[in-house]
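1. kindly return the folded structure for what I paste below:
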Amino acid sequence: MRVGLHALGIGDGARPEVIRAVATAAEACGFARLWCGEHVVLVDAPASRYPYSADGRIAVPADADWLDPLLALSFAAAVTERIELATGVLLLPEHNPVVVAKQAATLDVLSAGRFGLGVGVGWSAEEFAALGVPFERRGRRTDEYLAAMRAVWTEDPASFSGEFVRFEGIRVHPKPLRGGRLPVLVGGNSRAALRRAARSGDGWYGFNVPVADVPASIAELGEECARHGRTLDELTVAVAPSDGTPAHLAELAAAGVSEVVVVAAPPPVPGEVAAWVAELAGTWIRTGC
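-> Below you'll find the predicted structure:
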């Protein structure tokens, strides 16, 4: 079982000295991947419901530092050599897909092919409004953006014509290192997210999912894969359980999880980070650092 760590980019985890300490310690201690999420905008009293908590509220204060995940992971890539990196998740419909394709391929090259692009459709209408992007039909926009980005990554010159994005005969370099293919992990716990992962993703990232709900979600993911002529084995299944402990690892593996993601906030003092990471590794990975 692979174990990832979602600890970068927010609050104390947004400080460069803490990012450096977390990234290097996580690599030394055997974590498989570093995850970093995104919000461009937060508001003090959102009307939108946060879908990953029982009370519908996000735990991160609106005035907390929240780094751009691609920039934060570029910093982490520069201080590591082996550990993989992923956005968990980037809110794709809020961005220009050609720019994201360029940025993601750049990070893939700078990290020597260690980057995976986790994407989601977003949940905050206030955030979309601030960015001037329609909140409605954001799922359809995400689907089209993914198709356009893959055209950018694999074609040279690239052309695409859709409802939300069009370009003709453009050259965008660099290309991702793995034969023009950059892994896309679709985040979200809804049926729509599972359908999107099965239809056009290279993996699924379930965030804050109760352990008891994981088997049903993965079974549904497998059914959706079959509808699209795929098998579940073709996808990476990463889950950040809301109530998981190391005792659940065997159960999660049996359900089809290939990577458990530990979500935790690092200590504010860089000198305390290595011991904190080592303790997490000893608990979840059971390995020495």
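2. ok, longest helix in this protein?
-> Looking across the chain with DSSP state H, the single longest helix is helix 138-154.
3. list the buried residues in that one.
-> Within helix 138-154, the residues scored as buried using 16 or more other Cβ atoms under 10 Å are 138-139, 141-146, 148-153. Where you see a C-beta, it was placed from the backbone N, CA and C, and this is true even at glycine.
4. and those as JSON lines, adding distance to A247 and pLDDT?
-> Below are the buried residues of helix 138-154 laid out as JSON lines (distance: Cβ to Cβ, whole Å; pLDDT from 0 to 100):
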{"residue": "R138", "distance to A247": "38", "pLDDT": "98"}
{"residue": "G139", "distance to A247": "36", "pLDDT": "98"}
{"residue": "R141", "distance to A247": "41", "pLDDT": "98"}
{"residue": "T142", "distance to A247": "36", "pLDDT": "98"}
{"residue": "D143", "distance to A247": "38", "pLDDT": "98"}
{"residue": "E144", "distance to A247": "42", "pLDDT": "98"}
{"residue": "Y145", "distance to A247": "39", "pLDDT": "98"}
{"residue": "L146", "distance to A247": "36", "pLDDT": "98"}
{"residue": "A148", "distance to A247": "43", "pLDDT": "98"}
{"residue": "M149", "distance to A247": "39", "pLDDT": "98"}
{"residue": "R150", "distance to A247": "39", "pLDDT": "98"}
{"residue": "A151", "distance to A247": "45", "pLDDT": "98"}
{"residue": "V152", "distance to A247": "44", "pLDDT": "98"}
{"residue": "W153", "distance to A247": "40", "pLDDT": "98"}
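5. what is the mean pLDDT for stretch 180-192?
-> Throughout stretch 180-192, pLDDT has a mean value of 96.
6. let me redo that: stretch 249-259
-> Computed over stretch 249-259, the average pLDDT equals 97.
7. using PDB, write out every CA atom in it.
-> What follows is stretch 249-259 as a C-alpha-only set of coordinates in PDB (Å, rounded to 0.1, in the frame of the first residue of the first chain):
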ATOM      1  CA  LEU A 249      -5.000  -0.300   5.600                       C
ATOM      2  CA  ALA A 250      -5.700  -4.000   4.800                       C
ATOM      3  CA  GLU A 251      -9.400  -3.300   4.500                       C
ATOM      4  CA  LEU A 252      -8.800  -0.300   2.200                       C
ATOM      5  CA  ALA A 253      -6.400  -2.300   0.100                       C
ATOM      6  CA  ALA A 254      -8.900  -5.200  -0.200                       C
ATOM      7  CA  ALA A 255     -11.500  -2.600  -1.400                       C
ATOM      8  CA  GLY A 256      -9.100  -1.500  -4.200                       C
ATOM      9  CA  VAL A 257      -7.300   1.500  -2.800                       C
ATOM     10  CA  SER A 258      -3.800   1.800  -4.100                       C
ATOM     11  CA  GLU A 259      -2.800   4.900  -2.100                       C
END
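8. got the buried residues for that stretch?
-> By neighbour count on 16+ other Cβ under 10 Å, the buried set for stretch 249-259 is 249, 252, 255-259.
9. so which of the residues you listed sit within strands?
-> E259 (DSSP state E).
10. just the ones of the buried residues of stretch 249-259 in helices?
-> 249, 252, 255.
11. now for the strand or helix carrying I19, which elements pack on it?
-> Element membership for I19 (DSSP states H and E) is helix 16-28. Counting contacts by 3 or more Cβ pairs under 8 Å, 6 or more residues apart in numbering; DSSP states H and E, helix 16-28 packs against strand 2-8, strand 33-36, helix 69-78, helix 270-284.
12. for it, buried residues please.
-> Quick answer for helix 16-28 (16+ other Cβ under 10 Å): 18-28.
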